[in-house]
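Q: Provide a 3D model corresponding to the input given below.
(one chain, ligands or ions: 1)
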Amino acid sequence: MDLSMISRVLWLRRTLRSRERWSQAQLHAHQRRELAALRGWAYARSPFYQRFHDGLDRAQLGELPVLTKATLMDNFDQLSTDPVVRLSTVQAYLEQLRGDQRFAGRYWVSATSGSSGRRSIIPTDAREWATIIASYGRANEWAGIRPGPTHRVRMAVVSSTTAWHQSARVAATVRSPFILTERLDAASPLANIVARLNELRPDVLVAYASMIRVLADEQLAGRLHIAPRGVNSSSEVLTGEARVMATRAWHVSPFNVYAATETGGIAAECHQHQGMHLFEDLVVPEVVDDDYRPVPAGEPGDRLLVTVLFGRTIPLIRYEMTDRVRLATQPCPCGLPFRLVDSIEGRTDDVLNLPTSDGGSVRLHPVVFHQVLDLLDVAGWQVRQQDDHLRVLVASPGPGFDPTATEGAVQAALTRAGAPTPAVHVSVVDDIPAGPAGKRPLVVARPKPP
Ligand SMILES: [Zn+2]
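A: Residues are numbered from 1 along each chain as shown. You can find the predicted model right below:
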């Protein structure tokens with residue numbers, strides 16, 4: 001990484017650290033200032049926002065329209081504040097991206113895999129990119145990972161290795177003598193991942209929550225022999241059960257990180273492990289229901305809106321994420337000024353809509369499956385909605401596993417949840433297969449007809 005980027009990130013890390021001692025009043029004053037600056041920038045340079053917020057210059061944040069991913073991608077060129085940033089040329093650049101090349105000489109571009117719906121593409125300039133890297137650095141620091149000249153850290157990241165994936169882009173930028181990062185492809189066979197980790201013996205293990213759970217099983221079964229001092233999980237729901245398994249395997253409680261391509265780090269756990277603190281100095285989060293009405297602390301929302309205070313190239317104001325989060329009602333004893341999310345209950349996409357006989361449908365929350373399937377002696381599970389049945393994959397079950405009993409238990413849970421009970425078929429597999437980006441979602445809804 002070049003020196004100017006190193007000094008930017010170091011300076012930002014200090015800035016972010018100083019904000020962690022702010023009072024609530026200081027935080028809110030900062031949010032008001034940054035929001036006004038962001039809106040002023042967008043109204044001066046983005047033809048899209050000039051239309052989208054027409055007549056709303058003085059409106060409160062909560063009165064502004066919600067920006068969906070579809071609207072963002074449909075209006076990309078108009079939304080961009082730099083005429084050089086055009087969707088067709090950014091896409092052409094992504095096609096041939098290797099390593100740490102920049103678009104137009106000055107933009108780092110991250111993109112999502114598009115495995116669940118449309119792909120989003122976010123170009124960031126040096127200041128924005130340094131802020132995203134610093135946001136991940138904050139999460140690592142809260143987890144006790146502090147690389148430096150006297151303590152080199154060996155980190156293994158089991159994730160997507162495609163060049164445009166944000167974690168791969170961050171790794172390409174932050175390669176440094178103090179942190180030795182090895183990336184393993186989460187979509188490769190499990191035996192290969194285990195063998196490589198045994199060679200690496202990482203100090204820190206970073207992986208999707210589903211992979212943490214699988215690797216904890218491998219450790220407990222005696223095939224994996226690593227002793228990480230820190231375990232970080234990201235991108236997926238870390239179930240209570242996966243947390244227990246990881247703690248049993250490595251005697252450390254994993255730190256959960258909540259991040260997105262559009263925002264960088266949004267929230268992370270502090271050492272109290274009572275939930276994740278929102279990075280409210282970087283984003284303004286709003287927990288809302290399906291009709292975009294605010295949802296009070298203690299109740300799960302249907303969506304999360306984020307306003308990215310440091311974003312300038314592609315301004316994101318009330319950008320909709322389909323994560324269902326719940327704000328904690330009690331403050332965390334650690335004293336951080338940032339509000340606490342005490343649960344992330346998965347994505348709205350994880351909610352299954354099951355048709356009823358009268359032509360309606362029932363929304364089925366993934367917790368219904370957790371209640372039954374988390375108790376099984378298996379290395380992992382996944383529920384897939386098919387046309388006329390639910391298929392439950394279970395990976396490498398223990399000797400006492402009874403597929404018929406499991407089918408019955410899932411059907412009983414569906415009945416208790418008020419859902420119609422379609423046929424349930426259990427299939428035993430060696431491993432839960434990984435999707436395009438190496439993720440293994442616990443619930444996979446049937447794709448919506450186009
Ligand atoms: Zn805390």
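Q: need the contact list for residue 424.
A: By CB atoms under 8 Å, 6 or more residues apart in numbering, the residues touching residue 424 are 389, 390, 392, 407, 410, 411, 414. Every C-beta, even on glycine, is put in place using the N, C-alpha and C of the backbone.
Q: and stretch 238-256, what's buried?
A: 238-239, 242-243, 245-246, 249-250, 252-256 (16 or more other CB atoms under 10 Å).
Q: over to stretch 371-390?
A: For stretch 371-390, by 16+ other CB under 10 Å, it's 372-374, 376, 378-385, 390.
Q: now do that stretch: everything it contacts.
A: 210, 213-214, 217, 239-241, 352, 354, 366, 369, 391-398, 400-401, 406, 409-410, 413, 422-425, 431-432, 440-446.
Q: if we can go back for a sec, ok, of the contacts of residue 424, which come out buried?
A: By 16+ other CB under 10 Å, the contacts of residue 424 give 390, 392, 407, 410, 411, 414 as buried.
Q: for the ion, see how far away the second one is.
A: So that's residue 392. 36 Å (CB to the ion, to the nearest Å).
Q: could you give the bridge partners of that residue?
A: Note on residue 392: beta-bridge partners by DSSP bridges are residue 383, residue 426.
Q: got a list of what it touches?
A: 373, 381, 382, 383, 384, 406, 407, 410, 424, 425, 426, 427.
Q: now the last one
A: The neighbourhood of residue 414, defined by CB under 8 Å, 6+ apart, consists of 354, 364, 368, 420, 421, 422, 424.
Q: buried among those residues? Need that as a selection in ChimeraX.
A: Command for ChimeraX that selects the buried part of the contacts of residue 414, burial taken from 16+ other CB under 10 Å:
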select :354,364,368,422,424
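Q: now, among the contacts of residue 414, which is nearest to residue 21?
A: Closest approach to residue 21 among the contacts of residue 414 (CB to CB): residue 368, at 42.2 Å.
Q: what's the longest helix in this structure?
A: Taking DSSP state H as the criterion, the chain has its longest helix at helix 24-45.
Q: most proximal residue of the stretch 101-250 of the chain with respect to the ion?
A: Of all residues in the stretch 101-250 of the chain, residue 142 sits closest to the ion, at 8.4 Å by CB to the ion.
Q: residue 44 versus that residue, what's the distance?
A: Counting by CB to CB, to the nearest Å, the gap from residue 142 to residue 44 is 36 Å.
Q: of the buried residues of stretch 238-256, closest to residue 50?
A: Nearest member of these to residue 50, counting by CB to CB, is residue 256, at 39.0 Å.
Q: list the buried residues in the helix or strand in which residue 10 is found.
A: Using DSSP states H and E, residue 10 maps to helix 3-19. Within helix 3-19, the residues that qualify as buried are 5, 8, 9, 12, 13, 16, 19, counting by 16+ other CB under 10 Å.
Q: flag the least confident of those residues.
A: Across the set of the buried residues of helix 3-19, residue 5 stands lowest in pLDDT, at 82.
Q: isn't that residue right next to residue 132, touching?
A: No: using CB atoms under 8 Å, residue 5 is not in contact with residue 132; the gap is 11.6 Å.
Q: next, the residue of the stretch 151-300 of the chain found nearest the ion: phi, psi?
A: Relative to the ion, the nearest point of the stretch 151-300 of the chain is residue 270 (3.4 Å; CB to the ion). When read as degrees, to the nearest 10, the backbone of residue 270 gives phi -90, psi -180.
Q: contact partners for the nearest residue to it once chain neighbours are set aside?
A: Spatial nearest neighbour of residue 270, excluding adjacent residues (CB to CB, 6 or more residues apart in numbering): residue 334 at 4.7 Å. When contacts are counted by CB under 8 Å, 6+ apart, residue 334 is found next to 270, 271, 272.
Q: would you mind listing what in this structure touches the ion?
A: Taking CB under 5 Å from the ion as the contact definition, the chain meets the ion at 270, 272, 332, 334.
Q: which of these are buried, as a ChimeraX select command?
A: Applying 16+ other CB under 10 Å to the residues of the chain next to the ion, the buried members can be selected in ChimeraX as follows:
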select :270,332
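Q: sitting in strands, which of the residues of the chain next to the ion do you find?
A: The strands, defined by DSSP state E, take in nothing from these.
Q: and of the residues of the chain next to the ion, the nearest to residue 228?
A: residue 270 (19.0 Å).
Q: so that closest one touches residue 139, yeah?
A: No: using CB under 8 Å, residue 270 is not in contact with residue 139; the gap is 10.0 Å.
Q: contacts only, for residue 319.
A: Contacts of residue 319 by CB under 8 Å, 6+ apart are 66, 67, 69, 72, 262, 305, 306, 307, 308.
Q: mind redoing it with 10 Å?
A: 66-69, 71-72, 120, 260, 262-263, 283, 304-308, 311 (CB atoms under 10 Å, 6 or more residues apart in numbering).
Q: isn't there a helix covering residue 135?
A: Yes: using DSSP: H, G, I helix; E, B strand; the rest coil, the assignment for residue 135 is a helix.
Q: what's the nearest residue to it if we skip its chain neighbours?
A: Leaving aside its sequence neighbours, residue 135 sits nearest to residue 265 (CB to CB, 6+ apart; 3.5 Å).
Q: need the contact list for that neighbour.
A: For residue 265, the contact set (CB under 10 Å, 6+ apart) comprises 16, 131-140, 234, 257-259, 276, 278-279, 282-283.
Q: ditto for residue 25
A: By CB under 10 Å, 6+ apart, the residues touching residue 25 are residue 337.
Q: which residues in the protein form helices?
A: Under the criterion DSSP H, the chain contains helices at 3-19, 24-45, 47-52, 69-74, 76-79, 87-95, 126-142, 166-174, 190-200, 209-220, 240-250, 367-373, 403-416.
Q: burial-wise, tell me which of those helices comes out on top.
A: helix 209-220 (a mean of 24; mean count of other CB atoms under 10 Å).
Q: got the angle for that helix vs helix 240-250?
A: Counting by axes from the mean of the first three to the mean of the last three CA atoms, to 10 degrees, helix 209-220 points 40 degrees away from the direction of helix 240-250.
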